[in-house]
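Trainee: coords please:
(chains A and B)
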Amino acid sequence: MLPSARARARRPTGERGKTRWTEHLIGFLHTFGVGLVAIALLLIFGLSTPYFLSRANIDNILIQISIVGVAAIGETMVMLMGGIDLSIGSIILVSAVITGALTTNHGLGAWPAIGAGLLAATGIGLVNGIFIAGIGIEPIIVTLGTLIAAQGLGQAILANEGSWIQVTNPFFFSLATDQVLTLPAMAVVMLAFYALAAVLLRDTALGRHIYATGGNRRAARLAGIPIGRVVVATYALCGLCAGVAGMLEIAQLGIVSQNVGDGMQFNAITAVLVGGISLSGGKGRVEKTLLGVLIVGTITNYLTFRGVSAYYEQAITGGIILAAVFLDHATRRRAQ
Amino acid sequence: MSRPPWRLPRPPSLLAGADTYLLLSMLVAMIAIFGRLNGAWFTTATMVTAIEQNAPLAVISVAMTFSIIAGIIDLSPGAMIALTGVIIGLVNQHSHDMVLAVASGLGLAVGVSAIHGLLVVALDINPVIVTLAAYIWARGLATGLTGTGSITVDGPLISFINNTSLFGLGAPAYIVALAYGGGWYLLNRTVLGRYTFALGGDPRGARRAGIRVTRQIIFIFCLMGVAVAVAALIAVGQMASAQPLAASGLELDAIIAVIIGGTRLTGGEGSLIKTLVGVAFIAILNSGLSEQGLSDAYYALCKGIAILLALSVQTLARRAADRQAARGRNLRPEWASERMARVE
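Mentor: Coordinates of the predicted model:
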């Protein structure tokens, strides 16, 4: 159900007078809880370490979350539609390798190379969609298959170009260092894509069809929504987002190696779940994913700040997922 | 228009088991191709190695079959095998007591799985999310505890796993056989197995029929815990060390093996024999591809494509069978095939 409609339909009008303030509070927490958690974390971390809320560190966090942030947009759309995409990490690798190789080793300009990389990424997403909608294999299995195959493809191309590519194109360098409207350019790219995705999901036919397909597939089909095309388009869009994440990865690292994008699908899914979008689809907003990305990024940054090793950070991330899903569930059950 | 009541129902479609036969023939074709490509590959020794190397996968696949039949997807086993192995290694290092080490490993694996089951039941969280969290934290903890190094493990149990040999097969092969035998008995001849099917087929119906769904779900998770402990023991034994990066991606291979065998992800049906064929497919694919001297990159590319192809062939065959069965029931095929409904 769409956000505004949900707010109206939450409670029958006849009961409005009877609702207690605790129920209002829980409903409020369910709607704005993710945002409150994000603000609370920033405040607590900021008070405990003065440098944490400094301008430099905030820019740092924004740059760090921009890659997983863009990748999580695609994952959000797929999960809203009731699917799942596990192949994002490999798509990021393929697009980064293709763009990196074309600019550095084959002398192409930045924009044509980016176009080729994004095209390849969208193509892999399209393949996912065709296997899922056309042949009818479950999404989790198809995207596992493309996860393995695309990783092989990316590494094979990389092996032909020398085992790593140092990207010297000035465009990517400026993407990593420039400031736009006093924000880091990479963060601006991420925010722009969030704005686009929010409009797409709210105001276009495709966006509405994604919600409808995720909410009740049978009803959507009976209502005449071309589900096959919606599924293919959504996975293709998810591939495109992963491709953009690959471009940002080039900008941030300056080097394309075979570890690029490794495990990114799980970071993206974590962010989506922390944002409160359920695995069953049909409900949620892409803005909440941005908050989820921000929460996970803030915690990771703080742990690094405190000198916690990367492996224990990983262990804590697993705990964050459970906590987030638990909180969401606890408030949702009361809110209904 | 329904069939007159005195007519016997149509015999089941010939295509009904087609997906499993197709997989068997693809398996045979693959063995033939690998044998043609490299004459020295198809030997008894290669097959024995393939069985022993894939023993952890085979054991996990037994428990994964139970999970998927019950409609649960468990992403935790790979990371949990690593964590269990590390705990076995650490306890053994400090106490030099192999029995205590194995007991604590088993306790950890079953304990964590039981907690997964409780979270799924009590909080009604999707199993994929609960076990995805374990996929992430267990690997992180295993790597953190060892500081990315490996822990050497030795003792009588290790030499038992490596050096026992009966009729040319090592201990892991017999453990696998035992797991499949026990699993088959549990699934097809006991109440727990019946309830597993009931749970996956229709959870609400199962609850209304008086099945203790809570206990059943926790049982299925605990079964996975036991399988994880056994697989961890085999993995530690074969490498004579506990490695934090052991069995990475094993859960994905296990899910693929179960699905490729013909068990449906939607739950309610499936069999261990199908899973065994699926595991054989993955094992032969791994063994044959690594024998071709491919780089890791081309290995992954070929493996991914082979899996997608096999799945496509099977899914198309299954759809054809469904359509034929629907025609037998006088349903309009486009309503019955419900291809988008299955995508869920």
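Trainee: drop to CA atoms for contacts and neighbour counts, all remaining ones
Mentor: OK.
Trainee: in what helix or strand does whichever residue of the stretch 1-150 of chain B sits closest to chain A lie?
Mentor: Relative to chain A, the nearest point of the stretch 1-150 of chain B is B:Trp137 (3.5 Å; C-alpha to the nearest C-alpha). Counting by DSSP states H and E, the element that carries B:Trp137 is helix B:127-146.
Trainee: since we're on B:Phe167, how many residues are nearby?
Mentor: When neighbours are counted by other C-alpha atoms under 10 Å in any protein chain shown, B:Phe167 registers 5.
Trainee: go on, B:Ala209?
Mentor: Residue crowding around B:Ala209 was assessed by other C-alpha under 10 Å; the count is 10.
Trainee: so where's the stretch 51-200 of chain B shaky on pLDDT?
Mentor: By pLDDT under 70, the weakly predicted segments of the stretch 51-200 of chain B are B:168.
Trainee: thinking B:Ala198 is in contact with B:Glu269, fair?
Mentor: No - between B:Ala198 and B:Glu269 there is no contact under C-alpha atoms under 8 Å: 9.1 Å.
Trainee: coming back round to it: for the residue of the stretch 1-150 of chain B closest to chain A, give its distance to A:Ser95.
Mentor: Look at B:Trp137 and A:Ser95: by C-alpha to C-alpha, to the nearest Å, they are 29 Å apart.
Trainee: again with B:Phe160
Mentor: To A:Ser95, B:Phe160 is 48 Å away according to C-alpha to C-alpha.
Trainee: B:Asp154 too?
Mentor: 45 Å.
Trainee: residues from the stretch 51-200 of chain B in reach of chain A?
Mentor: Residues of the stretch 51-200 of chain B lying close to chain A (C-alpha under 8 Å from any C-alpha of the partner chain) are B:123, B:125-126, B:129-130, B:132-141, B:143-144.
Trainee: list the buried residues in the helix holding B:Trp137.
Mentor: B:127-146 (16 or more other C-alpha atoms under 10 Å in any protein chain shown).
Trainee: past it, which element shows up next along the chain?
Mentor: Next element after helix B:127-146 (DSSP H and E): strand B:151-152.
Trainee: how far off centre is whichever helix or strand comes after that next one?
Mentor: Scanning forward in sequence from strand B:151-152 by DSSP H and E, the next helix or strand is helix B:156-163. In terms of C-alpha atoms, centre = their mean, to the nearest Å, the centre of helix B:156-163 is set 25 Å apart from its chain centre.
Trainee: pairing partners for the next helix or strand after helix B:156-163, with directions?
Mentor: Next in sequence after helix B:156-163, counting helices and strands by DSSP H and E, comes strand B:165-166. Strands that pair with strand B:165-166, judged by DSSP bridges, come out as strand B:169-170 (antiparallel).
Trainee: and for the helix or strand that comes right after the partner strand, what's in contact with it?
Mentor: Using DSSP H and E, the helix or strand that follows strand B:169-170 in sequence is helix B:171-189. The contact list for helix B:171-189 (C-alpha atoms under 8 Å, 6 or more residues apart in numbering or on different chains) reads B:51-52, B:55, B:58-59, B:62-63, B:66, B:160-165, B:192-194, B:196, B:234, B:272.
Trainee: with stretch B:112-130 instead?
Mentor: A:279, A:321-322, A:325-326, A:329, B:72-75, B:131, B:214, B:217-219, B:221-222, B:224-225.
Trainee: mind redoing it with 7 Å?
Mentor: A:322, B:72-75, B:214, B:217-218, B:221-222, B:224-225 (C-alpha atoms under 7 Å, 6 or more residues apart in numbering or on different chains).
Trainee: same check on stretch B:84-104?
Mentor: Residues from elsewhere that reach stretch B:84-104 (C-alpha under 7 Å, 6+ apart): B:105, B:108-109, B:142, B:151, B:153, B:155, B:229, B:232-233, B:236, B:242-244.
Trainee: now, of these, which are buried?
Mentor: B:105, B:108-109, B:142, B:151, B:153, B:229, B:232-233, B:236, B:242-244.
Trainee: show me those residues that map onto helices.
Mentor: B:105, B:108-109, B:142, B:229, B:232-233, B:236 (DSSP state H).
Trainee: just name the closest of those to A:Asn216, please.
Mentor: If you rank those by distance to A:Asn216 using C-alpha to C-alpha, B:Ala109 comes first, at 37.3 Å.
Trainee: now the residue of chain A found nearest chain B. Nearest residue, chain neighbours left out?
Mentor: Closest to chain B within chain A is A:Ala315: 3.5 Å, counting by C-alpha to the nearest C-alpha. With sequence-adjacent residues excluded and distances taken as C-alpha to C-alpha, 6 or more residues apart in numbering or on different chains, A:Ala315 is closest to B:Trp137, at 3.5 Å.
Trainee: equivalent analysis for B:Leu316, please.
Mentor: Nearest non-adjacent residue to B:Leu316, counting by C-alpha to C-alpha, 6+ apart: A:Ile135, 6.7 Å away.
Trainee: ok, the one you found - contacts?
Mentor: For A:Ile135, the contact set (C-alpha under 7 Å, 6+ apart) comprises B:312, B:315-316.
Trainee: can you list those residues in JSON lines and add secondary structure, distance to A:Leu126 and neighbour count?
Mentor: JSON lines is the format used below for the contacts of A:Ile135 (DSSP: H, G, I helix; E, B strand; the rest coil; distance: C-alpha to C-alpha, whole Å; neighbours: other C-alpha atoms under 10 Å in any protein chain shown):
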{"residue": "B:Ser312", "secondary structure": "helix", "distance to A:Leu126": "16", "neighbour count": "20"}
{"residue": "B:Thr315", "secondary structure": "helix", "distance to A:Leu126": "19", "neighbour count": "19"}
{"residue": "B:Leu316", "secondary structure": "helix", "distance to A:Leu126": "19", "neighbour count": "15"}
